[in-house]
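[1] return atomic coordinates for the entry below.
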Amino acid sequence: MMLVIFGGALGALARYVLQSAMQDESRALVWTNNIGSMLFGWLVALAVREPLYLAFGIGFCGAFTTFSTVFVQLAQQWRAKQYALFFSFLMKSTLEGFLFATLGYFIGIL
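    Here you go, the predicted model:
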């Protein structure tokens, strides 16, 4: 449990630093999730042992990525009847997250 907490604290701090450095909130949100997805895919490919998986996979990547924030933003777009923006943001977030996780996995198996 302490490993998840430690990794989560580092992941949340890294997310805050990255998102604070970017001006565009939507772009920062997508890039944070892309980077976190790639890191998690890489960890999975490396088949790291449980302590590292707990600290960096579950803790760091879990806190670094902000998929819950994506869904809040999607809900706000839907309520505002911004349907085109809603669908484009949903597809961009989902597709890019998958592609970056796959990229990380392939980097890890090299």
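
[2] mean confidence for the longest helix anywhere in the chain?
    In the chain, taking DSSP state H as the definition, the longest helix is helix 83-109. Regarding helix 83-109, the rounded mean pLDDT is 91.

[3] same for it, what does it pack against?
    Under the contact definition 3 or more Cβ pairs under 8 Å, 6 or more residues apart in numbering; DSSP states H and E, helix 83-109 sits against helix 25-46, helix 67-79. (Glycine included, C-beta is placed from N, CA and C.)

[4] need those helices in a markdown table (columns: mean neighbour count).
    Formatted as a markdown table, the helices and strands packed on helix 83-109 follow (neighbours: other Cβ atoms under 10 Å):
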| stretch | mean neighbour count |
| --- | --- |
| helix 25-46 | 19 |
| helix 67-79 | 14 |
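
[5] want to throw those helices into JSON lines with distance to residue 11 and mean pLDDT?
    Formatted as JSON lines, the helices and strands packed on helix 83-109 follow (distance: least, Cβ to Cβ, whole Å; pLDDT from 0 to 100):
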{"stretch": "helix 25-46", "distance to residue 11": "8", "mean pLDDT": "87"}
{"stretch": "helix 67-79", "distance to residue 11": "13", "mean pLDDT": "86"}
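
[6] now those helices as a markdown table including distance to residue 106?
    As requested, those are arranged in a markdown table below (distance: least, Cβ to Cβ, whole Å):
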| stretch | distance to residue 106 |
| --- | --- |
| helix 25-46 | 7 |
| helix 67-79 | 22 |
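
[7] how about residue 37, what does it touch?
    Taking Cβ atoms under 8 Å, 6 or more residues apart in numbering, we find residue 37 in contact with 65, 96, 97, 98, 100, 101, 104.

[8] show me which of those residues are buried.
    The neighbour-count test (16 or more other Cβ atoms under 10 Å) applied to the contacts of residue 37 identifies 65, 96, 97, 100, 101, 104 as buried.

[9] the last one contacts residue 45, doesn't it?
    What that stands for is residue 104. Yes. Under the contact definition of Cβ atoms under 8 Å, residue 104 touches residue 45, with a separation of 7.0 Å.

[10] for the chain, identify the residue most remote from the centre.
    Here the centre of the chain is the reference, and by Cα atoms, centre = their mean the most remote residue is residue 81, at 25.9 Å.
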